[in-house]
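Show me the folded form of this:
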Amino acid sequence: MRLSALLDCHSHFSFGIGASSPTRIVERAAELGYNAVALVDENGVYGAVEAQRAGKKHGVKVLIGATVQLKGDTNIYPLGLIAINRAGYETLCNLLTTVHANDDKQVTLPVLLAHTSNLICVTGGRDGFPTRLLAERKITQAEQLLSTLKGAFAERLYLQLYYGAYPRDLLRARKLRDFARSQGVPVVSALEVRYATPNLYPLYDTMVCARLGVTVHDPHRLEAAERLPGGSRSLCLEQAAAASSPIPRRCSERRDHRAGV
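Here you go, the predicted model:
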């Protein structure tokens, strides 16, 4: 089953993370036959207007969201938040305003739980808390955090599955799916898109190095280096692939971009 939507796209408005413009991401998605794209840049909706204009031009539904960094006891975990409607967009902008008032640009769990109305929450990909806590065998901690988010977002919470052709990625996806199933949380296939075409990989690598403060010759891990996948690319878990479709259907495209960060 192929994917119809890309739900974890970062543009060049995410410094050191994305290498393509919102317009190019949407344009390339249309070329490859995707119906919807979620732009979830880091701590902001900077590319929202540009992305939606491109979506109207190319016939792609654009979902507006952001990725926030959830502050845990000892670690930081990314969470993707997608606005369902105008009210959700307002909730998201209010949360982002609070985030930017903090020097560390991170969000605590109590603050996040106070800003859930009309937002869809996706648990984060390779660096998300399910992947990292399960890898560290902190099962109870992962269960508790997932349960807390489930209580706040209810049916608007999805555990993210991803695939980037890294070693053991399929096994990792199956373990995440089984964990979600045991906790009664639906899964969604959301490939981590950071640039539109393969030729942008050197630029992406350079930007990651700039953010990390190293040279391209120093050893470094490319975080979820994923170009926009072709139409035949999908995570081979039908439940997750099918789940990517209801999210765009739940979201309205109308936003008021006069507000927000």
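
going forward, measure contacts between C-alpha atoms and count neighbours the same way
Fine.

quick one: low-confidence ranges for the stretch 1-150 of the chain?
Flagging of the stretch 1-150 of the chain using pLDDT under 70 yields the residue ranges 1.

tell me the helices in it, going along the chain?
Ranges of helices in the stretch 1-150 of the chain, per DSSP state H, counting those that start in this stretch, are 22-31, 48-58, 86-100, 109-113, 129-135, 139-153.

contact partners of the lengthiest strand in the chain?
Looking across the chain with DSSP state E, the single longest strand is strand 61-71. The contact list for strand 61-71, computed with Cα atoms under 8 Å, 6 or more residues apart in numbering, reads 35-45, 48, 51-52, 55, 76-83, 89, 92, 105-109, 248, 251, 253.

Among those residues, which lie within strands?
Judged by DSSP E, strands contain the following of these: 36-39, 76-83.

ranking the residues you listed by neighbours, who comes first?
Within these, most neighbours by other Cα atoms under 10 Å means residue 39, with 32 neighbours.

need the contact list for that one.
Counted by Cα under 8 Å, 6+ apart, residue 39 has contacts 7-11, 22, 47-48, 51, 62-66.

Would you mind giving the residues you listed as JSON lines with neighbour count and distance to residue 166 added?
Formatted as JSON lines, those follow (neighbours: other Cα atoms under 10 Å; distance: Cα to Cα, whole Å):
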{"residue": "7", "neighbour count": "29", "distance to residue 166": "19"}
{"residue": "8", "neighbour count": "27", "distance to residue 166": "17"}
{"residue": "9", "neighbour count": "28", "distance to residue 166": "18"}
{"residue": "10", "neighbour count": "27", "distance to residue 166": "19"}
{"residue": "11", "neighbour count": "27", "distance to residue 166": "22"}
{"residue": "22", "neighbour count": "30", "distance to residue 166": "26"}
{"residue": "47", "neighbour count": "21", "distance to residue 166": "29"}
{"residue": "48", "neighbour count": "22", "distance to residue 166": "30"}
{"residue": "51", "neighbour count": "27", "distance to residue 166": "29"}
{"residue": "62", "neighbour count": "27", "distance to residue 166": "28"}
{"residue": "63", "neighbour count": "27", "distance to residue 166": "27"}
{"residue": "64", "neighbour count": "32", "distance to residue 166": "28"}
{"residue": "65", "neighbour count": "31", "distance to residue 166": "26"}
{"residue": "66", "neighbour count": "27", "distance to residue 166": "25"}
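
export those to JSON lines and tack on distance to residue 212?
Shown next, in JSON lines, are the contacts of residue 39 (distance: Cα to Cα, whole Å):
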{"residue": "7", "distance to residue 212": "25"}
{"residue": "8", "distance to residue 212": "22"}
{"residue": "9", "distance to residue 212": "20"}
{"residue": "10", "distance to residue 212": "17"}
{"residue": "11", "distance to residue 212": "18"}
{"residue": "22", "distance to residue 212": "23"}
{"residue": "47", "distance to residue 212": "23"}
{"residue": "48", "distance to residue 212": "26"}
{"residue": "51", "distance to residue 212": "27"}
{"residue": "62", "distance to residue 212": "30"}
{"residue": "63", "distance to residue 212": "29"}
{"residue": "64", "distance to residue 212": "27"}
{"residue": "65", "distance to residue 212": "25"}
{"residue": "66", "distance to residue 212": "21"}
